[in-house]
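Undergrad: Sequence and predicted structure, then a few things I'm wondering about:
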Amino acid sequence: MSSGAAGTLGGENSVGGGSTLKPYLKRKKSSLGETKIAVLGAEGVGKSALSVRFITKRFIGEYDQSTENKYKYRTVVDGEEMAFEVLDTRSLNEDCGAREDVLRWADGYVLVYSMICRKSYLMLQEVQKKVEEFRKGTSIPIVVIGNKADLAHMRQVTHEEGQTFAESLGCPFLEVSASEDVTNVTEAFHSLCREIVDFKRRSRTFFERVFGAFGKEKVTS
């Protein structure tokens, strides 16, 4: 674990089947020191491996894909302590986990595809549409990850395609290996954290400016 980081792995399992996540995904406004991240992608792309690799620095190859888990983790990013909540989503009917309650809950999204599965890459195009429709034009922090870089000899998605997709979203892009590359996995989540903090600061400044103006008008009227 990196210097200054203190991590704990605490999962909160959702109920299986087609049930909703709403009982434990109640949306609460998070502070600058809190970051809620939803990991989205097709089944088998390595969402769980990436999430647990980031939180514990360990690689586990096999997971139960019938459940969703929410992990809590505290660490230091750029000298500031951050409280992460990472939702490892389950893909139901190829929705990549991009359901309304998930999209509402998260401060930002990790979009994951497998470099050795072109279908998983193409499915993210639909996720992009869902996010844009739900957010109604509001920008949202995102990072795109091409996982399984250790199997690059079986690649079905070029680096340029991943980069172009990320550029269309205006977000960072990394190719990583959850099994071999803890440094880049960590950097992907930290990069999204920075995007989220910057987004919150800009949003807060905007509202302070707007409501501050209303307050002045009220006082001077």
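TA: That came through, no problem. In this text, all values refer to a predicted model and were calculated from it rather than measured experimentally.

Undergrad: Do a quick rundown of the helices in this protein.
TA: For the chain, applying DSSP state H gives helices covering 47-56, 100-105, 118-135, 159-169, 182-220.

Undergrad: For the second one, which residues meet the burial criterion?
TA: It stands for helix 100-105. Across helix 100-105, burial judged by 16 or more other C-beta atoms under 10 Å covers V102, L103, W105. Any C-beta I mention is one placed from the backbone N, CA and C, and that applies to glycine too.

Undergrad: just how off-centre is that helix within its chain?
TA: 12 Å (C-alpha atoms, centre = their mean, to the nearest Å).

Undergrad: Alpha carbons only: can I get it in PDB?
TA: Output of helix 100-105 as PDB, limited to C-alpha atoms (Å, rounded to 0.1, in the frame of the first residue of the first chain):
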ATOM      1  CA  GLU A 100     -30.900   4.800 -12.900                       C
ATOM      2  CA  ASP A 101     -30.300   4.300  -9.100                       C
ATOM      3  CA  VAL A 102     -26.600   3.700  -9.800                       C
ATOM      4  CA  LEU A 103     -26.200   6.700 -12.100                       C
ATOM      5  CA  ARG A 104     -28.000   8.900  -9.500                       C
ATOM      6  CA  TRP A 105     -25.900   7.700  -6.600                       C
END
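
Undergrad: Tell me how far H159 lies from C96.
TA: Between H159 and C96 the computed distance is 21 Å (C-beta to C-beta, to the nearest Å).

Undergrad: Also I196?
TA: Applying C-beta to C-beta, the value for I196 to C96 is 20 Å.

Undergrad: didn't G61 look like it was pressed against V52?
TA: No. Using C-beta atoms under 8 Å, G61 is not in contact with V52; the gap is 10.4 Å.
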